[in-house]
Every structure is written in structure tokens, then in C-alpha cells.
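J.: Here is a sequence together with a model predicted from it:
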Amino acid sequence: MALSPLQSLQFRPTLIWLRSPWAIVISIVLGVGIGTRQHNLAAWISPVGELYLGLLKMCVLPILLSAITTSVGRLMTTRGASIRRILLVFPVSLLLVSSFAVAMAAIAGPGRNLSTATLERLGVMVNQSGIDLEISLTGEAIAEPGLDFNSFLLSIIPDNIFNALSTGQTLKVLIFSIISGIALGLIQESNTCFEVLDSIYKTFNKLIQWLTFLLPFGLCSLLATQISKLGLNVLFSMINFVVISIATFMSIYIFSTFILWRRSHLSLGSVLSALREPTILAIATSSSLACLPSAITALSERLQFNRQTVNLVAPLATTLCRFGSVTYFALATLFVAQLYHKSLSIREVAIVIVGAILAGMATSGVTGILTLTMLDLVLHPLKLPLEAVLVLFIAIDPILDPFRTLCIVHTGMAATAIITDLESYPELSH
């Protein structure tokens with residue numbers, strides 16, 4: 001039976017409330033309480049969390065395939081000097097951000113010096129998840145041959161895209177999307193394909209929006225299930241990771257502000273004033289796409305960069321160069337490696353840097369905890385488990401998601417400023 005207009009108005013605030021920070025906080029508190037005191041109830045509601053994660057993962061490949069192919073394809077339709085700058089600035093900036101995050105995690109060591117009990121409990125979870133992983137949790141890591149970086153690169157090339165899609169090999173689908181986008185952008189009859197891909201993206205993005213209403217229930221179930229098996233000590237071990245992650249995000253924010261200041265030739269106060277609205281929106285909404293209009297306005301009207309180039313580059317920087325996600329994945333991978341006492345060789349560090357970039361690009365068009373499932377793209381080549389630690393990242397995501405979004409938006413604005421020239425019209429000058 002359809003709801004009457006009055007019933008719809010009464011029902012809508014309830015749905016909106018389910019997406020509020022208060023609902024997330026309450027679900028975390030309930031999950032911790034059930035996990036510590038009601039183990040039978042935690043086991044009973046466990047399928048709810050598994051079902052929620054399954055629904056989220058169902059949307060990953062369609063969004064990835066459509067968003068990346070469209071973004072790269074439209075990038076290739078660009079002509080002139082800006083395309084050359086984009087092809088230089090985007091890869092270099094992504095490498096710098098990923099390398100900086102790896103260096104910060106390696107120096108600070110958020111996953112080091114944890115208690116033996118915590119590591120042993122995580123070891124039990126790894127064994128229960130059925131993952132073939134032999135790492136000493138209480139002593140030195142077992143020596144393993146280093147990974148071959150060339151083999152890693154060859155392994156991500158999809159020899160059969162349909163097999164990659166059916167088996168959920170996200171990294172191969174990402175590479176296929178990039179290559180297909182380049183080819184699609186170089187042909188003239190591509191508008192129809194872009195429209196179809198846009199429709200696919202909007203369809204699954206709408207599904208993701210619907211699933212956000214179920215986030216409190218899924219988060220409560222996942223947290224209760226894992227806490228009942230791990231205990232609270234493991235959750236407390238994430239405090240160091242949270243602090244170091246925020247410090248890394250803010251360091252990148254400060255450096256990006258410096259770039260915008262130098263490129264705009266305005267006073268620092270004027271630059272900070274122009275950046276105030278995009279910064280507040282990024283922290284408040286945790287949505288990089290929602291911040292895009294404000295970022296474009298700040299760059300073109302307040303910082304006086306060329307509007308036409310900004311309108312082209314800023315959306316690409318937000319969609320393709322997911323600086324916040326790249327930073328987060330690099331930090332998280334080093335944290336998991338330290339958690340399991342796994343020493344990384346030079347080649348494995350290179351895999352982390354490149355893998356974090358590819359995983360970050362794979363988050364194009366997605367937000368929230370769906371972003372976290374992409375971490376497996378970096379962990380899997382290193383033979384590190386995601387299942388045992390995913391719930392820990394989910395639990396702290398409400399804290400870090402705003403900073404991750406801020407890094408995506410703000411660093412994307414800095415990359416746009418490097419690519420874009422200032423407006424030359426004298427009437428726009430101060």
C-alpha cells in the first residue's frame with residue numbers, strides 16, 4: 001500500500017536521521033556493548049553485517065567500470081597544453097602523496113609495539129577466516145622471498161576481462177577501465193557510450209545512497225561480531241593509527257595551501273578566506289562531489305584561475321586523483337604490515353606506493369565504508385588479510401572520513417592550480 005503524503009512526510013525524517021552522525025555513534029556504542037556482553041546475540045545478528053557488506057561490494061565493479069572509463073575518456077577528448085600538464089601533474093602528485101604517506105607510516109609506526117595478547121587475538125581471527133597466511137605474531141616474521149615488482153605489474157593486466165569481472169578482480173577491472181577510457185576518448189562516436197556509462201554510474205550510485213540508510217544496522221552487526229571475538233583491546237590499538245592519519249592529512253593540507261598561495265599570487269589571508277567554504281563543506285559532508293561546485297568557485301572567482309580550465313581540470317582531479325584515499329590506503333597497508341610483524345622489501349614498498357594509487361583511483365565515485373573494501377587491492381599482493389582488520393577500519397571511519405574527503409578536495413584544488421594559469425583579464429584583478 002502506498003504511503004499518503006502525510007505519512008511520507010512523517011517517514012522522511014526517520015530516514016534522514018539514519019544517515020546522521022548520531023545514528024553512527026549509537027550503532028557503534030550498541031555494537032561494542034553487544035560484542036562485549038551478549039556474545040550469542042552478536043553471533044545471531046552476524047549475517048546482517050555480512051549481507052550489508054555483500055550489497056556494498058556488489059556495487060563496486062559497475063561504479064568503477066563506468067566512472068573511471070568515463071573520466072579517462074573525457075580527459076582524452078581534451079586538446080591543448082592543459083592535457084600535457086594533466087598527464088604530468090596528476091601522476092607525479094599521486095606518487096608524491098603516496099610516498100609521503102608510506103614514509104609517515106614507516107617512521108611513526110602506528111602498528112608497532114602492540115601487546116602480544118592483541119596480536120594473538122588477531123592471529124586467531126586470521127586462522128578462522130581461512131586465509132593462507134603464515135606470519136609470526138609473537139616473534140620475528142618468517143623470511144619470505146620478496147615480491148617481484150615486474151610480476152606484480154604483469155599480474156594486473158586482464159587477459160580475460162569477463163573472467164576478471166566474474167571473479168571480482170578489481171585491480172584488473174581498473175586497468176581495463178583506464179585502457180578502454182583512453183581508446184574511447186580517441187574516437188569521435190563516443191558520446192553514446194559516455195551516456196550509457198553515465199547511466200550505469202548514476203544507477204549504482206543511487207543504490208549506494210539507499211544503502212547508506214542501512215549503515216547503522218550493518219555497522220552495529222559487524223562491530224558486535226568482531227568485538228565478541230577480538231575484545232576491546234584491538235579496537236584501542238587503532239588510536240595511534242587515527243592520530244598519525246590525521247597528522248598526515250593535515251600535513252598534506254598545509255602543503256596544498258602553500259601551493260595555492262604561491263600559484264595565486266594573493267595574500268595568505270585571501271587564500272585562506274577563499275578556501276574556508278570548501279574546507280568546511282568537505283568536513284561537514286564527507287562527500288568530495290558535493291564540494292566540487294564550491295571548489296570551482298573558489299579557484300575561478302576568488303583565486304582568479306582561468307575558469308574554462310578549472311571547469312575541466314577540477315572535476316578530473318576530484319574523480320581520478322583520489323588523494324585522500326591514496327593517502328589512507330598507504331597508511332593502512334603499512335599499519336597492517338606492522339601489525340603482523342611483516343618487514344617490507346624495497347620492491348614491496350614500491351608495490352604499496354603504486355597499489356595505493358591504483359586502489360585510490362578505484363574509489364572513484366564511492367564514499368564511506370565502501371571505500372575501505374578497496375584496501376584489499378593493496379593488501380592482497382602482499383599476502384596480508386583484510387577480513388581480520390576491516391571492522392577496525394570501519395569503526396574509526398566516521399572519524400577519518402571527513403579528513404580523507406578534505407584531502408581529496410583540497411589537494412585536488414592544489415593540483416588544479418598547478419595545471420591552470422591565472423586569469424589574464426585586468427578587470428578580475430585586485
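T.: Structure received.
J.: Ile63 - how many residues pack around it?
T.: Using other C-beta atoms under 10 Å, Ile63 has 23 neighbouring residues. C-betas here are computed from N, CA, C, even on glycine.
J.: which residues are contacting the helix or strand encompassing it?
T.: Ile63 belongs to helix 60-76 when assigned by DSSP states H and E. Residues external to helix 60-76 that are found in contact with it (C-beta atoms under 8 Å, 6 or more residues apart in numbering): 83, 86, 165, 168, 170, 173-174, 176-178, 180-182, 184-186, 190, 193-194, 197-198, 200-201, 203-205, 208, 316, 319-320, 361-362, 364-366, 370, 373-374.
J.: Would you show me how to pick out the buried ones of those residues in ChimeraX?
T.: Here is the ChimeraX selection string for the buried members of those, based on 16 or more other C-beta atoms under 10 Å:
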select :83,86,165,170,173,174,176,177,178,180,181,184,185,190,194,197,200,201,204,205,208,316,319,320,361,362,364,365,366,370,373,374
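J.: can you give me the helices for the stretch 201-350 of the chain?
T.: For the stretch 201-350 of the chain, the helices defined by DSSP state H, counting those that start in this stretch cover 215-230, 232-236, 239-264, 268-285, 288-297, 307-319, 323-339, 346-362.
J.: helices or strands up against the longest one?
T.: Contacts of helix 239-264 with other secondary structure elements, assessed using 3 or more C-beta pairs under 8 Å, 6 or more residues apart in numbering; DSSP states H and E, are made with helix 81-108, helix 268-285, helix 323-339, helix 387-419.
J.: and what of the fifth one?
T.: For helix 288-297, the contact count by 3+ C-beta pairs under 8 Å, 6+ apart identifies helix 268-285, helix 307-319, helix 387-419 as packing neighbours.
J.: quick one: which of the ones you listed is nearest Leu222?
T.: When those are compared by C-beta to C-beta, helix 387-419 sits nearest Leu222, at 5.0 Å.
J.: so the closest one versus helix 307-319, what angle?
T.: If you take axes from the mean of the first three to the mean of the last three C-alpha atoms, to 10 degrees, helix 387-419 sits at 170 degrees to helix 307-319.
J.: residues of helix 387-419 that come out buried?
T.: For helix 387-419, using 16+ other C-beta under 10 Å, the buried residues are 388-398, 400-419.
J.: on that earlier part again, Serialize the helices and strands packed on helix 239-264 to a markdown table and add fields for distance to Asn240 and mean pLDDT.
T.: A markdown table is the format used below for these (distance: least, C-beta to C-beta, whole Å; pLDDT from 0 to 100):
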| stretch | distance to Asn240 | mean pLDDT |
| --- | --- | --- |
| helix 81-108 | 8 | 88 |
| helix 268-285 | 22 | 85 |
| helix 323-339 | 9 | 91 |
| helix 387-419 | 11 | 85 |
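J.: Switch those over to a markdown table; also include distance to Thr248.
T.: As requested, these are exported to a markdown table (distance: least, C-beta to C-beta, whole Å):
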| stretch | distance to Thr248 |
| --- | --- |
| helix 81-108 | 5 |
| helix 268-285 | 16 |
| helix 323-339 | 6 |
| helix 387-419 | 9 |
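J.: what's near enough to touch Val271?
T.: Applying C-beta under 8 Å, 6+ apart to Val271 gives the contacts Thr257, Leu260, Trp261, Ser264, Leu303.
J.: ok, the third one - contacts?
T.: Shown here is Trp261, whose contacts under the criterion C-beta under 8 Å, 6+ apart are Leu268, Val271.
J.: Over to Ser273?
T.: For Ser273, the contacting residues are Arg302, by C-beta under 8 Å, 6+ apart.
J.: If we use 10 Å, what do you get?
T.: Counting by C-beta atoms under 10 Å, 6 or more residues apart in numbering, Ser273 makes contact with Leu266, Ser267, Ala298, Arg302.
J.: Poorly predicted segments of the stretch 1-150 of the chain, please.
T.: 1-21, 78-82, 114-150 (pLDDT under 70).
J.: just to revisit the earlier point, tell me which of the helices of the stretch 201-350 of the chain is the most buried.
T.: helix 323-339 (a mean of 27; mean count of other C-beta atoms under 10 Å).
J.: What helices and strands are in contact with that one?
T.: Packing partners of helix 323-339 (3 or more C-beta pairs under 10 Å, 6 or more residues apart in numbering; DSSP states H and E): helix 81-108, helix 116-128, helix 239-264, helix 288-297, helix 346-362, helix 376-379, helix 387-419.
J.: Swap in 8 Å and give it another go.
T.: Helix 323-339 is packed against helix 81-108, helix 239-264, helix 346-362, helix 376-379, helix 387-419, with contacts defined by 3+ C-beta pairs under 8 Å, 6+ apart.
J.: For Arg37, find the nearest of those helices.
T.: Closest to Arg37 of those is helix 387-419 (C-beta to C-beta; 17.2 Å).
J.: Could you tell me the angle between that closest one and helix 323-339?
T.: Angle of helix 387-419 versus helix 323-339, following the same axes, to 10 degrees, is 140 degrees.
J.: from the chain's centre, how far out does helix 387-419 sit?
T.: Relative to the centre of its chain, helix 387-419 is centred 6 Å away, using C-alpha atoms, centre = their mean, to the nearest Å.
J.: Measure how that helix sits relative to helix 81-108, angle-wise.
T.: Put simply, helix 387-419 runs at 140 degrees to helix 81-108, going by the same axes, to 10 degrees.
J.: Checking Ile187 next. Helix, strand or coil?
T.: Assigned with DSSP: H, G, I helix; E, B strand; the rest coil, Ile187 falls in the coil class.
J.: List the contacts of it.
T.: Listed by C-beta under 8 Å, 6+ apart, Ile187 has no contact partners.
J.: what number of residues lie near the residue lying closest to Thr373 once chain neighbours are set aside?
T.: Sequence neighbours aside, Lys57 is the residue nearest to Thr373 in space, at 5.9 Å (criterion: C-beta to C-beta, 6 or more residues apart in numbering). Per other C-beta under 10 Å, the neighbour tally for Lys57 reads 14.
J.: Lys57 is in what secondary structure piece?
T.: According to DSSP H and E, Lys57 maps onto helix 46-58.
J.: ok, Ser288 touching Thr405?
T.: Yes. Look at Ser288 against Thr405 with C-beta atoms under 8 Å: they come within range, at 5.4 Å.
J.: related to what we said a few turns ago, distance to Leu382 for the helices of the stretch 201-350 of the chain - can I get that in JSON lines?
T.: Formatted as JSON lines, the helices of the stretch 201-350 of the chain follow (distance: least, C-beta to C-beta, whole Å):
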{"stretch": "helix 215-230", "distance to Leu382": "22"}
{"stretch": "helix 232-236", "distance to Leu382": "20"}
{"stretch": "helix 239-264", "distance to Leu382": "17"}
{"stretch": "helix 268-285", "distance to Leu382": "31"}
{"stretch": "helix 288-297", "distance to Leu382": "27"}
{"stretch": "helix 307-319", "distance to Leu382": "27"}
{"stretch": "helix 323-339", "distance to Leu382": "7"}
{"stretch": "helix 346-362", "distance to Leu382": "6"}
